[in-house]
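Student: no sequence for this one, just the structure:
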């Protein structure tokens with residue numbers, strides 16, 4: 001989405017995470033996607049890639065120029081990466097129904113926080129789309145996975161979040177990267193039934 005937002009030319013290659021090619025493991029030490037190869041250097045981890053792109057291609061900035069406001073954005077991005085996303089995976093991976101209910105409550109807590117940021121605006125960090133929105137958006141696209149496998153979705157009472165999500169779905173950056181529902185749900189089936197064995201499942205399932 002950052003590449004599309006900034007209109008940066010790029011070549012796109014999909015990786016089968018169940019059968020990663022050797023050349024990919026050579027350039028992505030963690031064996032995770034995304035990875036970005038630039039002039040012989042490979043970058044990995046989404047937030048780091050996005051930071052690089054925003055600095056290397058300053059047109060249509062997604063992080064604020066002001067250092068304090070930019071730091072606030074990065075705090076929220078860290079919150080999404082290290083607090084929200086792990087709970088998403090823990091709910092999906094855990095096979096114990098009682099534990100699942102606990103993770104559902106945790107997600108509602110995070111929804112409360114995100115909704116509080118949207119009380120008087122559409123976007124998470126200001127009047128325009130920014131990196132914080134792009135960091136959270138893919139995980140709202142994936143909520144359909146939790147609906148399918150864990151009977152959990154975004155409650156209707158979160159009007160602010162629904163307004164934000166509706167605005168996100170109108171973005172050309174979203175339309176250029178969205179995954180069809182069927183393949184998206186299918187790609188997480190092994191997480192939901194407890195048979196996933198990749199690095200993300202091992203890390204998030206602990």
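Tutor: Good, I have the coordinates. This is a predicted model, so every value here is computed, not measured.
Student: list the buried ones in the longest helix seen in the chain?
Tutor: Ordering each helix of the chain by length in residues (DSSP state H) puts helix 97-117 first. Across helix 97-117, burial judged by 16 or more other C-beta atoms under 10 Å covers 100, 103-104, 106-107, 110-111, 114-115, 117. Any C-beta I mention is one placed from the backbone N, CA and C, and that applies to glycine too.
Student: do the same with stretch 26-35
Tutor: Neighbour-count burial for stretch 26-35 [16+ other C-beta under 10 Å]: 28, 32, 35.
Student: and those residues as JSON lines, adding secondary structure and distance to residue 163?
Tutor: JSON lines is the format used below for these (DSSP: H, G, I helix; E, B strand; the rest coil; distance: C-beta to C-beta, whole Å):
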{"residue": "28", "secondary structure": "coil", "distance to residue 163": "36"}
{"residue": "32", "secondary structure": "coil", "distance to residue 163": "32"}
{"residue": "35", "secondary structure": "strand", "distance to residue 163": "34"}
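Student: could these go into a markdown table alongside distance to residue 6 and pLDDT?
Tutor: Below are these laid out as a markdown table (distance: C-beta to C-beta, whole Å; pLDDT from 0 to 100):
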| residue | distance to residue 6 | pLDDT |
| --- | --- | --- |
| 28 | 22 | 85 |
| 32 | 23 | 85 |
| 35 | 18 | 91 |
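Student: looking at those residues, which is nearest residue 82?
Tutor: Within these, the smallest distance to residue 82 is 15.3 Å, found for residue 32 (C-beta to C-beta).
Student: relative to residue 19, how far out is the closest one?
Tutor: Look at residue 32 and residue 19: by C-beta to C-beta, to the nearest Å, they are 15 Å apart.
Student: now swap in residue 11 and tell me
Tutor: 21 Å.
Student: same question, residue 81
Tutor: For residue 81, the distance to residue 19 (C-beta to C-beta) stands at 26 Å.
Student: who's in contact with residue 194?
Tutor: When contacts are counted by C-beta atoms under 8 Å, 6 or more residues apart in numbering, residue 194 touches 93, 95.
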